[in-house]
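> fold the following for me, if possible:
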Amino acid sequence: MEKITARLYNWASILEDNTREQAERTARMPFIHPHVALMPDAHLGMGATVGSVIPTEGAIIPAAVGVDIGCGMMAVRTRFTAADLAGRDLAGLHQRISRAVPLSAGGRNQELRPSAAARVDELRELPGAGQADGAVAHWPMQLGSLGSGNHFIEVSLDEADRVWLFLHSGSRGVGNRLAQKHIAVAQEQCRRRFVSLPDRDLAYLVEGEPEFDAYIEALRWAQRFAYLNREEMMDRVVEETAGFLGADVERVQTVNCHHNYTERERHFGREVWLSRKGAISARAGEWGLIPGSMGTASYVVVGRGDVLSLHSSPHGAGRNHSRAAARRLFDRADLDARMTGIAWGRSDAFLDEHPDAYKPIDQVMEDAADLVEIRHTLRQVVNVKGN
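A predicted model of the protein is given here:
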């Protein structure tokens, strides 16, 4: 760990100058208490650094939560092992999952399954549903859809060759629209107050005002949507895996955690709004998930409860190159070679997800050794992504 300033602590051994500078700007905001914690996967983000933990008093920065509110991971350990997959064409399982879960930007269901309808009913009863209706009227049809970018569904094997089902997604288009709306409100509030900001995306809302309350309402609704979205997708992945193997899936262990979210927490003796933007909660004994990139390892972890990190850990590998740069730097032949032995979409559309577009996950996990304990190391055998 490196103490950059009195209000910025860093766990990243790979840290670009512009990322460090961005984190320093965030840490100088007057309502930060006690300090910003920069995770091992930190990289440049919108306003605030992706891979940062930001505690605030009396205010909140919507862009410091991010535009994919509630994004996170879910994993299920099954009773199956590699022996149950042996001799089977895993491309068939890839196809089944791809048909069951709408993929890619704008992907949505044509009709609601009973399980999704029950989850939609829950969401309709929550404060914030009216804001969601105003943002994206068809949000119920997005429940159970993956999205694009670095979102994925994977079938993996752990160190004991046990089969895990693993996925990564968030609040989809409705969460994005809600986030963009409230980021714009925060920017307008700061403009009206003649607040000078080091970055317009560090615009904030003041606690006790209606705009703040409206954002918290939308935030909590979107976080619940994201959580239930992962549950709905996992139900479908479980169903398709059972159909592929001809046997029911027993859920031996389940983990579901956010990594773009805000909660009310107590740190260093004071109540704060804790925003984890690309970070997971890692309290002592708490289970979490840290995925790598395409073709690399992912990790099931348990938190160590590190106090200086504000009980947090990284959420993944963290980008090393922008999507545009990755498309210039990497070619399809190399990506094919890196994905040998894995059933995947086999498309140029995934060049920007090349493993080398991200930081080495092994280095990230080494940097996180004081934050989490690795319980399981997963290697992919199926990788489903949207383009």
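
> how far away is residue 297 from residue 26?
Per CB to CB, to the nearest Å, residue 297 is found 30 Å from residue 26. To be clear about C-beta, it is placed using only N, CA and C from the backbone, and glycine gets the same treatment.

> more neighbours: which of these two?
Comparing residue 297 with residue 26 by other CB atoms under 10 Å, the one with more neighbours is residue 26, at 27 against 18.

> you'd agree residue 334 is in a strand?
No: counting by DSSP: H, G, I helix; E, B strand; the rest coil, residue 334 is not part of a strand but helix.

> buried ones in stretch 192-208?
197, 201-205 (16 or more other CB atoms under 10 Å).

> CA-only coordinates of it in PDB, if you can.
In PDB, the C-alpha atoms belonging to stretch 192-208 read as follows (Å, rounded to 0.1, in the frame of the first residue of the first chain):
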ATOM      1  CA  ARG A 192     -26.200  27.400 -10.100                       C
ATOM      2  CA  ARG A 193     -24.200  27.600  -6.900                       C
ATOM      3  CA  PHE A 194     -21.100  28.900  -8.900                       C
ATOM      4  CA  VAL A 195     -19.100  25.900  -7.600                       C
ATOM      5  CA  SER A 196     -15.700  25.600  -9.300                       C
ATOM      6  CA  LEU A 197     -15.000  21.900 -10.000                       C
ATOM      7  CA  PRO A 198     -11.700  20.400 -11.000                       C
ATOM      8  CA  ASP A 199     -13.800  18.100 -13.300                       C
ATOM      9  CA  ARG A 200     -17.400  18.700 -14.200                       C
ATOM     10  CA  ASP A 201     -18.100  15.000 -13.600                       C
ATOM     11  CA  LEU A 202     -17.200  15.500 -10.000                       C
ATOM     12  CA  ALA A 203     -20.400  17.500  -9.600                       C
ATOM     13  CA  TYR A 204     -22.300  16.600  -6.400                       C
ATOM     14  CA  LEU A 205     -25.600  16.700  -4.800                       C
ATOM     15  CA  VAL A 206     -26.100  18.000  -1.200                       C
ATOM     16  CA  GLU A 207     -27.700  15.900   1.400                       C
ATOM     17  CA  GLY A 208     -31.000  17.200   2.700                       C
END
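
> with adjacent residues omitted, what lies nearest to residue 115?
Excluding its sequence neighbours, the residue lying closest to residue 115 (CB to CB, 6 or more residues apart in numbering) is residue 235, at 5.5 Å.

> center of this structure - which residue?
With distances taken as CA atoms, centre = their mean, residue 72 lies nearest the centre of the chain, 3.4 Å away.

> wait, what's in contact with the spatially closest residue to that one that is not a sequence neighbour?
With sequence-adjacent residues excluded and distances taken as CB to CB, 6+ apart, residue 72 is closest to residue 258, at 4.0 Å. Residue 258 makes contact with 70-72, 223, 226-227, 276, 280-281 under the criterion CB atoms under 8 Å, 6 or more residues apart in numbering.

> ok, now residue 249?
Residues in contact with residue 249 (CB under 8 Å, 6+ apart) are 76, 78-80, 165, 238, 241-242.

> PyMOL command for the buried members of those?
In PyMOL, this line selects whichever of the contacts of residue 249 come out buried by 16+ other CB under 10 Å:
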select buried, resi 76+78+80+165+238+241
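
> residue 105 reaches residue 151, doesn't it?
No: Residue 105 is beyond contact range of residue 151, at 9.9 Å (criterion: CB atoms under 8 Å).

> overlap of the contact sets of the two?
With CB under 8 Å, 6+ apart, residue 105 and residue 151 have common neighbours residue 386.

> so between those two, which is more surrounded?
The neighbour comparison of residue 105 against residue 151 (other CB under 10 Å) goes to residue 151, with 24 against 13.

> pretty sure the more buried one contacts residue 166?
No: in this structure residue 151 lies outside contact range of residue 166 using CB under 8 Å: 11.7 Å.

> next structured bit after the longest helix seen in the chain?
Selection of the longest helix in the chain by residue count, based on DSSP state H, yields helix 210-245. As assigned by DSSP states H and E, the chain's next helix or strand after helix 210-245 is strand 253-258.

> return the distance of that next one from the chain's centre.
12 Å (CA atoms, centre = their mean, to the nearest Å).

> dump that strand to CSV, keeping only the CA atoms.
The C-alpha coordinates for strand 253-258 follow below in CSV (Å, rounded to 0.1, in the frame of the first residue of the first chain):
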residue,chain,number,x,y,z
GLN,A,253,-22.7,-22.2,-3.0
THR,A,254,-24.0,-18.8,-4.3
VAL,A,255,-22.3,-15.4,-4.3
ASN,A,256,-23.9,-12.2,-5.6
CYS,A,257,-22.2,-8.9,-5.1
HIS,A,258,-22.2,-5.3,-6.5
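
> now that strand against helix 210-245, angle please.
Counting by axes from the mean of the first three to the mean of the last three CA atoms, to 10 degrees, strand 253-258 lies at 150 degrees to helix 210-245.

> quick check: mean pLDDT across strand 253-258?
On average, the pLDDT along strand 253-258 is 98.

> ditto for stretch 226-239
98.

> which residues are contacting it?
Residues contacting stretch 226-239 (CB under 8 Å, 6+ apart): 68-74, 76, 97, 100-101, 113, 115-116, 119, 122-123, 142-146, 153, 165, 167, 169-172, 175, 249, 251, 256, 258.

> looking at those, which are in strands?
Mapping those onto strands (DSSP state E) picks out 72-74, 76, 153, 165, 167, 169, 256, 258.

> and the residues you listed, which two are furthest apart?
165 and 258 (18.5 Å; CB to CB).

> picking up where we left off before, against residue 58, how distant is the residue nearest to the centre of the chain?
Where residue 58 is concerned, residue 72 sits at a distance of 27 Å (CB to CB).

> partner residues bridging residue 53?
residue 37, residue 276 (DSSP bridges).
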